[in-house]
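> need a 3D model of the following:
(one chain, ligands or ions: 2)
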Amino acid sequence: MKAKIAVLPGDGIGPEVITQALKVMDAVADRFGHVFTYCFGDVGGIAIDKTGDPFPKETLDTCINSDAILFGAIGDPKYDNDPKAKVRPEQGLLGMRKALGLFCNIRPVTIFPKLKHLSPIKESYLDGVDMVIYRELIGGIYFGDKGRTKDRREAWDTEYYRVEEIERIAHLAYQQALKRRKKVTLVDKANVLESSRLWRETIQELAKEYPDVTTDYMFVDNAAMQIIVYPSQFDVVLTSNMFGDIISDESSVLAGSLGLLPSASIGEKTSVFEPIHGSYPQAKEKDIANPIATVLSAAMLLDHLNLTEESAVVKKAVSRLLESGLGTPDLKGSSEITCSKAGDFLEALVLDDSLKIDKNKYVSGTSTII
Ligand code: IPM
Ligand code: MN
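Numbering: from 1, shown residues only. Ligands and ions are numbered 1, 2, ... in the order given. As a prediction, this is how the structure comes out:
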């Protein structure tokens, strides 16, 4: 197939992890005879530096004219330390989500058996963990009415949802559940919030269309605890923008490293694929960042383009690399490799199913027995 992919490396470690993901995408193109054309665009701090705008019109056009978007990370400490800064890199991210209508953010949490020791959670609690969070992304308190009084001593943000906004993400969550363990958990605060009661009512009605799926309802405070003490009970978790933001960071702890977790943000017209980690400025250009979250985001992108086998090959390559015992420094206990070396290995593993990686010799041909 031919696909046009917008590539937005962004700030910090964004460009280096994106470089590795593109090595993997090129290997997929080679092996399966596809043609991927990349159109690069600026977003975040780098876009502010160049144009004054964290999400310039030119980048929006590049995104709109593509089949999918691969995104690195945004954020730069020079803006964090200036509370009066008028423009911030994060506005680029929120602006992009809104402009592209990315209403459904999908964050899968999977545990790699070899890396269970990285999680601060007891290893026995991690057995059977395989959950995916469906977070509403362009509504709720992030985008509701907000403001300050004239004297600036009072401020408000509004949690606001319409039935249609709840339904469109819920359908995607239930369709996903049908392909998995057939369970949806709605996380809300319906004992207190009217907007949460709207979520509950809407889901109770919509769930009738999916008789094969079990629906569970859980208050967010309880969910925050259950994710730690009994994480394997979750299959598809459906929730609002703010609650999803919080519980997805919490859930990432189960996997042991933020550097492992990918995400997809689905819109009506186009979709964005990005690692869940941020720009990690301390690691910028040191070649120590973990590219796996971005490579797995590229796998989600391939899946989205209906390249199911290609996506599976990339995920398999990641598992094979991790099982070899090699990993970037965040994967403590692994024999250390750099970000670019991890990209090289993943590229080689995608190209050759029979390749074996020996952590003592790094990479060997098929004749080597590990
Ligand atoms: C995320 C991030 C963003 C969010 C920030 C950077 C605006 O935390 O993608 O989860 O809150 O949505
Ligand atoms: Mn977040």
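> end to end, how far does stretch 63-79 reach?
With Cα to Cα, to the nearest Å as the measure, stretch 63-79 spans 25 Å from end to end.
> average pLDDT for that stretch?
Mean pLDDT, stretch 63-79: 95.
> in it, what counts as buried?
Within stretch 63-79, the residues that count as buried by 16 or more other Cβ atoms under 10 Å are 63, 66-76, 79. Every residue, glycine included, has its C-beta placed from N, CA and C.
> could you do stretch 262-273 as well?
262, 263, 264, 265, 266, 267, 270, 271, 272, 273.
> quick one: which of those is nearest to ligand 1?
residue 263 (7.8 Å; Cβ to the nearest ligand atom).
> I'd assumed the closest one was in a strand, is it?
Yes. Remark: residue 263 belongs to a strand, assigned using DSSP: H, G, I helix; E, B strand; the rest coil.
> after the helix or strand that contains residue 184, next one along is what?
Per DSSP states H and E, residue 184 falls inside strand 183-188. The helix or strand immediately downstream of strand 183-188 is helix 194-206, counting by DSSP H and E.
> pull up the pairing partners for the next helix or strand after that next one, direction included.
Heading C-terminal from helix 194-206, the first helix or strand you meet, by DSSP H and E, is strand 214-219. Strand 214-219 has its sheet partners listed here by DSSP bridges as strand 183-188 (parallel).
> give me the contact list for the strand it pairs with.
173-174, 177, 196, 199-200, 203, 207, 213-220, 223, 233-240, 243-244, 247 (Cβ atoms under 8 Å, 6 or more residues apart in numbering).
> repeat for stretch 298-308
Contacts for stretch 298-308 (Cβ under 8 Å, 6+ apart): 1, 3, 5, 21, 24-25, 28, 32, 34, 67-68, 70, 106, 262-264, 266, 271, 273, 310-311, 314-315, 318.
> return only those of these found close to ligand 1.
Among the contacts of stretch 298-308, proximity to ligand 1 is found for none (Cβ under 6 Å from any ligand atom).
> okay, and which of those map to strands?
3, 5, 68, 70, 106, 262, 263, 264, 266, 271, 273 (DSSP state E).
> got the phi and psi for the nearest residue to residue 357 once chain neighbours are set aside?
Distance criterion Cβ to Cβ, 6 or more residues apart in numbering; nearest residue to residue 357, sequence neighbours excluded, is residue 324 at 4.1 Å. Backbone torsions of residue 324, given as degrees, to the nearest 10, read phi -70, psi -20.
> quick check: pLDDT value at residue 324.
95.
> now residue 356
86.
> gap between it and residue 24?
18 Å (Cβ to Cβ, to the nearest Å).
> more crowded one of the two?
Each of residue 356 and residue 24 has its neighbours counted (other Cβ atoms under 10 Å); residue 24 has more, 26 against 17.
> quick one: contacts for the more buried one?
295, 298, 314, 317, 343, 346, 347, 350.
> so which of the residues you listed sit within helices?
295, 298, 314, 317, 343, 346, 347, 350 (DSSP state H).
> point me to the residue of the stretch 101-250 of the chain nearest ligand 1.
For the stretch 101-250 of the chain, Cβ to the nearest ligand atom, closest residue to ligand 1: residue 245, 4.6 Å.
> report whether that residue is found in a helix, as I expect.
Yes. According to three-state DSSP, the state of residue 245 is that of a helix.
> that one reaches residue 135, doesn't it?
Yes. Contact criterion Cβ atoms under 8 Å: residue 245 and residue 135 qualify, at 6.9 Å.
> so those two - more neighbours on which side?
Remark: of residue 245 and residue 135, residue 135 carries more neighbours, 27 against 19, as counted by other Cβ under 10 Å.
> so which strand or helix has the more buried one?
Using DSSP H and E, residue 135 falls in strand 130-136.
> and the residue of the stretch 1-150 of the chain nearest ligand 1?
Closest point on the stretch 1-150 of the chain to ligand 1, by Cβ to the nearest ligand atom, is residue 90, at 4.4 Å.
> related to what we said a few turns ago, any chance of the contacts of residue 24 in CSV, with neighbour count and pLDDT too?
Converted to CSV, the contacts of residue 24 look like this (neighbours: other Cβ atoms under 10 Å; pLDDT from 0 to 100):
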residue, neighbour count, pLDDT
295, 29, 98
298, 28, 98
314, 25, 98
317, 25, 98
343, 24, 98
346, 24, 98
347, 21, 98
350, 26, 98
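> out of these, which one sits closest to residue 39?
residue 298 (15.6 Å; Cβ to Cβ).
> can you tell me how far that closest one is from ligand 1?
18 Å (Cβ to the nearest ligand atom, to the nearest Å).
> from residue 11, how far off is that residue?
19 Å.
> could you list the low-pLDDT ranges of the stretch 51-200 of the chain?
The model of the stretch 51-200 of the chain has no residue with pLDDT under 70.
> which residues of it lie near ligand 1?
90, 93, 94.
> remind me which helix or strand the last one belongs to.
Looking back up the chat, that one is residue 94. Counting by DSSP H and E, residue 94 is found in helix 89-99.
> before we move on, back to that, compare the residues of the stretch 51-200 of the chain next to ligand 1 and tell me which is most surrounded.
Neighbour max across these (other Cβ under 10 Å) = residue 93, 22 neighbours.
> which residues touch that residue?
43, 44, 54, 55, 74.
> buried only: go through these for me.
43, 44, 54, 55, 74.
> and the two most separated of the residues you listed?
Checking the buried ones among the contacts of residue 93 with Cβ to Cβ, the most distant pair is 55 and 74, at 9.5 Å.
> returning to what we had before: now the angle from the strand holding residue 135 to helix 194-206?
For strand 130-136 against helix 194-206, the angle by axes from the mean of the first three to the mean of the last three Cα atoms, to 10 degrees is 120 degrees.
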